[in-house]
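# Sequence below, structure please.
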Amino acid sequence: ILEELATNPNLHESTQIDISNNIERSAVITLAGNPNLSEKVQLKLANTDNETVKSTLAKNTNITEATQLILANNESCFVRGSLAMNINITEQMKKYLSQFRRGYFK
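Numbers count the residues shown, from 1 in each chain. You can find the predicted model right below:
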């Protein structure tokens with residue numbers, strides 16, 4: 001039920017937070033892909049320890065620039081790669097990611 005609820009685009013922020021705090025990781029991963037996440041929840045998920053949650057969030061086409069910046073600075077090449085494939089990242093973020101070389105920024 002939680003996974004299905006996490007896909008609902010009309011979730012109130014308090015419900016988004018409840019799901020993001022859930023121990024059922026599959027529901028949190030699904031929530032990260034919801035295009036109507038509040039910025040507060042985006043930032044919370046961007047700072048989680050779970051790489052799959054962060055990669056899913058990075059693919060979300062409605063993440064804010066602040067969320068994009070956190071994900072762009074992630075150590076995981078999977079998270080950064082997911083962000084790079086996101087068609088809606090800002091031009092500044094595209095330029096920022098283009099400076100990345102073998103694990104380090106120029």
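# wait, doesn't Ser26 sit right on Glu3?
Yes. Using CB atoms under 8 Å, Ser26 is in contact with Glu3, at 5.7 Å. The C-beta positions use only the backbone N, C-alpha and C, and glycine is treated the same way.
# I'd assumed Pro9 was in contact with Pro35.
Yes. Using CB under 8 Å, Pro35 is in contact with Pro9, at 6.4 Å.
# now the helix or strand containing Lys40, how far from the chain's geometric center?
If you go by DSSP states H and E, Lys40 is part of helix 39-46. Chain-centre distance of helix 39-46: 7 Å, with CA atoms, centre = their mean, to the nearest Å.
# what's it in contact with?
Here helix 39-46 makes contact (CB atoms under 8 Å, 6 or more residues apart in numbering) with 13, 16-17, 20, 28, 31-32, 37, 53-54, 57, 60, 63-64, 66-67, 70-71.
# gap between the two ends of stretch 31-42?
10 Å (CA to CA, to the nearest Å).
# State the mean pLDDT of it.
In this model, stretch 31-42 has a mean pLDDT of 98.
# Any of the contacts of helix 39-46 buried? List them.
16-17, 20, 28, 31-32, 37, 53-54, 57, 60, 63, 67, 70-71 (16 or more other CB atoms under 10 Å).
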